[in-house]
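here are the coordinates; sequence isn't available:
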C-alpha cells in the first residue's frame, strides 16, 4: 500500500477544527484489516483533534460501534470476515444517519455504484493521500451538522510553546529560531505529545512526499531540533529505539 501525505505548508492557514455539539471531539471509527494503514489513518485523524477507534474486521467494527457510537466511519470494502457492505447495513440498523466513507481497492463504476447504492456517503480508492481522506471526512461531518470551532493557536507541551499564527517558538520564555521544516516537524511532535511517532509516519506527515529509503532525513532534522530545543536543558525529544521519537514534558 502506497500512501503519500502532504503536510500543510507554513504559509497555509489550518482549517477550523470540527467538534460535536457538546464540544467533545469528533468520534471516528476506522475499519481496515491492514494494521499499518489503520495506524496511519488514526494518527492523521488524531492530528485533527478527533477521537479515533480502530477495528481490524467487520465483527470487531460492530462491537466497537456499539460502545463508541461514532460520528463517522471509514470502512474498507474488503474485510477478512464480513463484507464492508454488510457491515454498513448492520451499522445503519443501529444508527441510520452515521456517515460512511468507503475505502476500496477497485475503481470500477460497478463497485462505486454498489457502495453508494448500499448507503455509503462517499468513497476513496486505494492508494490515496491522507489529506484526501481528511478532506472527505470533513465534508461529510459538516453535512452531518458538526460545528466548526476556533482551535487555540498556541500549542503547549511543558515549558515549550508554539504559536501557529505567528510561528513563534519559545522554551521557558526564550525564543527559538527554526527553519520552515524544523518548525513543521516540531509542530507535528507537539500536536502528538507523549506519542511515539515512527520515522515513516513523520515522513508522511511532515514532508510532501515519500523519501523511500532516505528515512535518515528524519534523524537529521531531529538532531537539528535537539540542538535548538534541548541544548543545555533537560531533553524533551526522546528516541525510542526501533520505534521512533516522542516529545514529552520534562520530569
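It's in. Computed from a predicted model, the values in this text were never measured in an experiment.

which stretches of the stretch 151-251 of the chain form strands?
Ranges of strands in the stretch 151-251 of the chain, per DSSP state E, counting those that start in this stretch, are 154-157, 160-163, 169-171, 174-176, 237-240, 244-247.

In JSON lines: these, plus mean neighbour count, mean pLDDT and distance to residue 26.
C-betas here are computed from N, CA, C, even on glycine. Output for these, formatted as JSON lines (neighbours: other Cβ atoms under 10 Å; pLDDT from 0 to 100; distance: least, Cβ to Cβ, whole Å):
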{"stretch": "strand 154-157", "mean neighbour count": "16", "mean pLDDT": "89", "distance to residue 26": "19"}
{"stretch": "strand 160-163", "mean neighbour count": "19", "mean pLDDT": "94", "distance to residue 26": "23"}
{"stretch": "strand 169-171", "mean neighbour count": "18", "mean pLDDT": "95", "distance to residue 26": "28"}
{"stretch": "strand 174-176", "mean neighbour count": "12", "mean pLDDT": "95", "distance to residue 26": "32"}
{"stretch": "strand 237-240", "mean neighbour count": "14", "mean pLDDT": "95", "distance to residue 26": "29"}
{"stretch": "strand 244-247", "mean neighbour count": "20", "mean pLDDT": "94", "distance to residue 26": "24"}
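
right, so of these, which gets closest to residue 42?
strand 244-247 (14.8 Å; Cβ to Cβ).

measure residue 58 to residue 166 for me?
Using Cβ to Cβ, to the nearest Å, one gets 47 Å for the distance from residue 58 to residue 166.
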